[in-house]
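> here is my input; please provide its structure:
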Amino acid sequence: MTRRHRQPAQERGKKTQDAILAGAAAAFQESGFAGASLSKISALSGISQGSMYFHFKSKEQIALAVMHEQHVRTYQKIENAREETADPFEQMIRTSRALCGLLAEDDVVRAGMELTLENNALREESYAFYDRWFSRVEAILEHAREDGILVTPLASAELSRSMVGYFTGSDLVCRSSQTESDLLASIEVMWVVIVSAVIAEDRREEYLGICRELFRAE
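Numbers count the residues shown, from 1 in each chain. As a prediction, the model looks like this:
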C-alpha cells in the first residue's frame, strides 16, 4: 500500500498561521481591532477557533503577529533597495515606491499599518515600529549628508520624522480612493517637495528623474 505524503508538522503549522494572519488582516481592515471578533477572524481564515487558540492565545497576540509580519515584509523592501543602489537617497525613494506596492497589494501589510495607528493596547508595539523607521531613515539621511547630497540646516532626526509622517499621512488620505495610482501620485509630489528643499542643486534633477521613472503610472 502506498503511503500518503504528510506535510511536516512545522510546515503545516506555518500554513495555518499564515491563514490566520490573512483572515485577521481582512477582519481588522473591515472592523478595526476593537470590532474584529475571534469568530470573524476564524470565519475569514477558514481556521477553527480551537486551532487558532493553539497558535495564538488572544486577539491581541494575533494583531501583534500581523504587525510583526508587516514589519518583516516592510524591512525586506528596505534591504532590497540597498541591494539595488549604493546611493542612500535613491535607496529611500526606491523603498517608498516598493512600500506603495505593498500597501496596494498586501492585505497583511495594509492591516499592520492600520493597527499601528489605532489607539489601543497595541500602542507600545506601534511606537517601537515607528522608532525603528525613524532611526533607519535618520541613518540614511546622515549618510547622504556625509556624501554632500543632503544640504539642509534641519537635523537628520527632525527630517526623518517629517518624512515618515508625510508618507504615512499621504497613505491615510489616499486610502478612501483604494487606487494605487493616487498613492503613487501623492508620494511623487512628496519627493518633489523634499528633493527641492533639501538636496544639493546639482543633484536635484537626477533624483527628480528617478521619481518620474518610478512613480508615474503606466
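> make sure Leu99 is indeed in a helix.
Yes. Leu99: assigned to a helix according to DSSP: H, G, I helix; E, B strand; the rest coil.
> quick one: contacts for the closest residue to it other than its chain neighbours?
Leaving aside its sequence neighbours, Leu99 sits nearest to Lys77 (CB to CB, 6 or more residues apart in numbering; 6.1 Å). Bear in mind the C-beta positions are built from the backbone N, C-alpha and C, glycine included. Contacts for Lys77 (CB atoms under 8 Å, 6 or more residues apart in numbering) come out as 95, 98-99, 102.
> ok, so of these, who is nearest Met52?
Nearest to Met52 among the contacts of Lys77 is Leu102, at 25.2 Å by CB to CB.
> nearest spatial neighbour of the closest one, chain-adjacent residues omitted?
That would be Val109: by CB to CB, 6+ apart, it lies 4.4 Å from Leu102.
> return the distance of that neighbour relative to His71.
Val109 sits at a distance of 9 Å from His71 (criterion: CB to CB, to the nearest Å).
> those two: who's more crowded?
Neighbours were counted for Val109 and for His71 using other CB atoms under 10 Å; Val109 has more, 23 against 18.
> so what's that one up against?
Each residue near Val109 by CB under 8 Å, 6+ apart is listed here: 70, 73-74, 102-103.
> can you tell me the element the residue nearest to Leu99 falls in?
Per DSSP states H and E, Lys77 falls inside helix 59-84.
> for that helix, the averaged confidence score.
Across helix 59-84, pLDDT averages out at 87.
> same thing with stretch 92-103?
91.
> now stretch 200-210
Rounded mean pLDDT across stretch 200-210 is 96.
> report pLDDT for Met190.
So Met190 comes in at 96 (pLDDT).
> isn't it right up against Gly169?
No. Applying CB atoms under 8 Å, one finds Met190 not in contact with Gly169, separated by 9.2 Å.
> neighbour count for those two, which is higher?
Met190 (18 against 12).
> next secondary structure after the helix or strand harbouring that one?
Taking DSSP H and E as the criterion, Met190 maps to helix 180-198. Sequence-wise, the next helix or strand downstream of helix 180-198 (DSSP H and E) is helix 201-215.
> measure the residue nearest to Leu99 to Glu105 for me?
To Glu105, Lys77 is 12 Å away according to CB to CB.
> repeat for Thr116
Distance of Thr116 to Glu105, given as CB to CB: 19 Å.
> Ala24 now?
18 Å.
> okay, the two: which has more neighbours?
Set Ala24 next to Glu105 and count neighbours by other CB under 10 Å: Ala24 wins out with 30 against 10.
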